[in-house]
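[1] below is the sequence, then the predicted model.
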Amino acid sequence: MKNIILYNPYANNKRGLQTAKEVESFLTGENSYEDITKIKDIAAFIDSVSEEDKLILVGGDGTINHLANDLNGIVPQKEILYYAAGTGNDFKADIAPSDNEKFISLNKYLSNLPTVTVNGKTCRFINGIGYGIDGYCCEVGDKLRAASDKPVNYAGIAIKGLLFHFKPANATVIVDDEERIFKHVWLAPTMKGRFYGGGMMVAPAQDRLEKSGEVTTVVMYGSGKLKTLMVFPNIFKGKHVSHKEMVEVVTGHKVTVKFDKPCALQIDGETVLNVTEYSVKA
């Protein structure tokens with residue numbers, strides 16, 4: 001039996017292969033490593049793996065995103081095991097928060113994934129789309145990672161952004177053809193899972209395996225800096241949604257969010273700059 005370990009060299013601050021080798025202590029048998037970014041036809045590659053061999057994906061949310069988009073809607077028959085080794089690991093936090101579960105069967109979570117269209121490009125996502133101060137945090141985090149190997153404190157970036165740097169926008173949010181206008185919007189993500197941003201439970205009622213495939217859009221709006229700063233820490237336990245005077249939660253299958261000025265956006269942790277609109281189809 002062979003363990004075929006798929007890794008992304010850019011994962012975990014470009015320590016993908018080094019991190020992938022962590023799984024060796026949990027495995028028996030021969031190990032081989034494959035750079036997922038160099039496999040031209042991932043579906044064909046997976047089909048070529050024998051039944052006796054184990055196929056293991058190692059990385060973070062961005063690595064699963066890469067796999068899902070390469071598969072382009074195909075769910076392989078061969079089981080893919082997943083070992084979480086990213087910087088945020090929001091997917092694992094959503095489906096298997098216990099550290100006792102080292103390997104997760106990934107296949108069923110690759111089915112029925114929503115797509116997002118941004119700046120003319122369409123891709124699938126596994127966790128969510130962050131737009132507003134969450135996108136801003138990823139933009140700043142990218143700059144910090146480029147300048148240093150130190151871990152990025154996204155909560156600290158968010159607090160400084162709320163107080164000093166991030167300027168809220170006005171937004172038009174259309175969910176299943178129902179349009180609403182929001183003023184002074186701090187964030188407007190659309191979620192397939194519950195978590196993003198390294199542990200923020202932004203959509204606590206969202207079920208990624210819900211049969212109809214619905215997604216959840218959460219809008220935090222209308223409040224000033226200090227009130228937002230007081231409520232924002234509740235997002236780590238999903239309790240921000242109880243503040244209905246400033247948080248709106250809507251579920252649906254088609255979502256379009258438009259800001260009245262450009263803002264950074266993140267898709268499963270990957271940043272897209274200068275975005276005024278995104279559209280999701282579930």
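    Cool, got the structure.
[2] got the domain ranges for the chain?
    2-110, 115-281 (automatic domain parsing).
[3] export the ones you listed to a markdown table and tack on mean neighbour count and mean pLDDT?
    In short, each C-beta sits where N, CA and C put it, glycine included. Listed next are the domains of the chain as a markdown table, based on neighbours: other C-beta atoms under 10 Å; pLDDT from 0 to 100:
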| stretch | mean neighbour count | mean pLDDT |
| --- | --- | --- |
| domain 2-110 | 17 | 91 |
| domain 115-281 | 19 | 94 |
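[4] show me the strands in the stretch 51-200 of the chain, by range?
    Here the stretch 51-200 of the chain has its strands, by DSSP state E, counting those that start in this stretch, at 54-59, 81-84, 104-105, 115-118, 121-124, 128-131, 169-175, 178-187, 190-191, 195-196, 200-201.
[5] of those, which is nearest residue 11?
    Among those, strand 54-59 comes nearest to residue 11, with 4.0 Å by C-beta to C-beta.
[6] helices or strands next to the closest one in the packing?
    Judged by 3 or more C-beta pairs under 8 Å, 6 or more residues apart in numbering; DSSP states H and E, strand 54-59 is in contact with strand 2-7, helix 11-14, helix 16-20, helix 61-71, strand 81-84.
[7] can you list contacts of the first one?
    I take that to be strand 2-7. Residues outside strand 2-7 that contact it (C-beta atoms under 8 Å, 6 or more residues apart in numbering) are 16-17, 19-20, 23, 27, 29-36, 39, 49, 52-59, 63, 67.
[8] now the angle between strand 54-59 and that strand, please.
    Computed by axes from the mean of the first three to the mean of the last three C-alpha atoms, to 10 degrees, the angle separating strand 2-7 from strand 54-59 equals 20 degrees.
[9] got the angle between strand 2-7 and helix 61-71?
    Using the same axes, to 10 degrees: strand 2-7 against helix 61-71 is 100 degrees.
[10] can you give me how far strand 2-7 is from the chain middle?
    23 Å (C-alpha atoms, centre = their mean, to the nearest Å).
[11] again, but for the third one
    Taking C-alpha atoms, centre = their mean, the mean C-alpha location of helix 16-20 is offset from the chain mean by 20 Å.
[12] contacts for it, please.
    Contact partners of helix 16-20, identified using C-beta under 8 Å, 6+ apart, comprise 5, 7-12, 33, 35, 58-59, 63, 85.
[13] closest one of those to residue 193?
    residue 63 (15.3 Å).
[14] separation between the closest one and residue 274?
    Distance of residue 63 to residue 274, computed by C-beta to C-beta, to the nearest Å: 26 Å.
[15] which helices and strands sit right next to the helix ranked longest in the chain?
    Identified as the longest helix of the chain according to DSSP state H is helix 133-147. Here helix 133-147 touches helix 154-160, strand 178-187, strand 254-267, strand 270-281, going by 3+ C-beta pairs under 8 Å, 6+ apart.
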